[in-house]
Every structure is written in C-alpha cells, then in structure tokens.
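Q: Model the following, please.
(4 chains)
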Number of protein chains: 2
Amino acid sequence: MFNYMVEYLQSPDLVFRALGDPTRRRMIEQLSQAELTVGELAEPFEMTLAGASKHVGVLEQAGLVVRKKRGRERVCSLRPGGLLAARDWVERYSAFWTARLDALDQALKEDGDE
Amino acid sequence: MFNYMVEYLQSPDLVFRALGDPTRRRMIEQLSQAELTVGELAEPFEMTLAGASKHVGVLEQAGLVVRKKRGRERVCSLRPGGLLAARDWVERYSAFWTARLDALDQALKEDGDE
DNA sequence: TTGTCATTAAACCGAAAGGTTGACTAATTT
DNA sequence: AAATTAGTCAACCTTTCGGTTTAATGACAA
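A: Numbering: from 1, shown residues only, chains lettered A, B, ... in the order given. Got it, this is the predicted structure:
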C-alpha cells in the first residue's frame, strides 16, 4: 500500500464546505498551476484583499492549502493529501452510481446489437 | 466513451454544499444500501421530520436524490450520475496531489534501496 | 365521514457564511 | 526616517443555513 494512506485527518465537512464555493474552487485551480501569493490569488476576483484572505483561510483550515511567508508576502500552495478524504468519500458512492450507469450502458449496447 | 459522459449538469456548488453536511452525507450512505421513505431516513437523527425533509430537499436540488411518491409516503433513492460532476472535479485535482505524493513515495523507496 | 398518518409549506429564529471597512503589523522602498 | 506595500485582525452588515413550530395537504383506516 501507499505511504500516504495513513495520513488524512481532514474532516469531510470542512473539505466539502470549502469546495462548495466557486471562488475557492477557482483558487485551487489556480494553485494547481503555480504557487501564488494571497495578492495574486485575490486579483482575478472583484473582492477586497481581506475577503480573499479569508477564503484562503478557509482552504487552509480545511487542509487544502498551506501558506508560508516569504518576506512581506504569503505564498500559497496546495497541500498534498488535502483532497484525499473527499476523494475517497466521493469515489465510494459514485462507484455505486456509475455501476448502475455502466449497467445501463451495457443494456443499451446490447439493445443496439440486436 | 460512455453514454453518460454527456449528461451531468449538476452545479458543483450545489453538490459540494449538499455534501458539506454530515446529516446529508449519512442520508446518502443509508440510501446506498436501500431505498427509504423520508420518515425512515429521518429516524436515526434527533431532528423533526420537517427538518429531515428539508435536508432531503437539498439533496434533491443538488441532483443527488430523487423522491417518488408511493401512496402517502415519499420513497427516496440515489439519482445515478448525481455525483459525477463532483467526482470529476475532485479526481482532477486530487490527481495532481497524489502525483506528488506518489513521487514522494518513490523517492522514499529509492532512498531505502541504497 | 372522521380521524390519523406521512409529508410538505410557511413563518420564524439563532448561528454561521460571505463580504466590507478601518486599524494594525511587518517588510520594503525611497 | 518616512512612506508604501502585503497581509491579517476585528468589528460590522446582510444573506444563507440548519433547525423549530404550526398549519395545511393528501392518502389511508375505522
């Protein structure tokens, strides 16, 4: 098994709620491209810096992002493993769903065959 | 590709926020075992029926659950495909994360080798 | 037909969320 | 040293959330 399987203690509550906001999801998307300061992260949004900073705080609380200080700025990056709890939960139940959908696909395919 | 790849128009917002509540996640877990009426769904929780009904409403709005009426009761079941949008989003970015973690695992393993 | 059962609708409540402003700290520039 | 820049903190405001109660609807049972 993988080493990191041990390590998630993220609460699904915090993670899902953090993801339930479009601003924060876009921030994560940005951060998947590159590390960014809070200021850079805030720029695309019509929002004060303080507002954006609060969003970063929520992502950090949820364990999705880390902020480290570099001079007077804070550079944010994705925290590896942060999404694991959420991924596992979703995977588990979407497996159930897609199994049914695959069965449907199968039925349709067989329908097309005859 | 699969037939159902076309079909999700669920807003990630609604889905993630629906999942951001432990009561609602437990309801989904229950429903993955069997179809249940609103009353049955409500029972495990210390909550009025009306409260539980509202939760079901949120899950329905998010496209995760369907309610069909049977006599005077409403029987709830998981709506296939409801989790796909969320799954894809999470998968996409947790892939990024796990890639880094796998690299880390790899590095550790090679470390152990020499 | 009268009553009871399952559920929803509506009005309301306190707490949390998303946002703002303004004051503050700390690093940088001039 | 003074002024500017990056960011946070605290207080505040409005909207949404999670929950309740009470009333209404619609099926079923007596």
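
Q: Find the closest residue to DNA strand D in chain A.
A: A:Gly39 (2.3 Å; CB to the nearest atom of the strand). Bear in mind the C-beta positions are built from the backbone N, C-alpha and C, glycine included.

Q: Doesn't that residue lie inside a helix?
A: Yes: secondary structure assignment places A:Gly39 in a helix (DSSP: H, G, I helix; E, B strand; the rest coil).

Q: do you know how far A:Lys69 is from A:Val38?
A: From A:Lys69 across to A:Val38, the span is 10 Å (CB to CB, to the nearest Å).

Q: Equivalent analysis for A:Leu64, please.
A: 15 Å.

Q: Between those two, which has more neighbouring residues?
A: Per other CB atoms under 10 Å in any protein chain shown, whichever of A:Leu64 and A:Val38 has more neighbours is A:Leu64, with 26 against 20.

Q: Give me the pLDDT for that one.
A: pLDDT, the model's per-residue confidence, is 97 for A:Leu64.

Q: Run through the residues that contact it.
A: Contacts of A:Leu64 were listed using CB atoms under 8 Å, 6 or more residues apart in numbering or on different chains, and they are A:10, A:15, A:18, A:28, A:78-79, A:82-83.

Q: of all those residues, which two lie farthest apart?
A: The widest separation within these, taken as CB to CB, falls between A:Gln10 and A:Ile28 and amounts to 13.8 Å.
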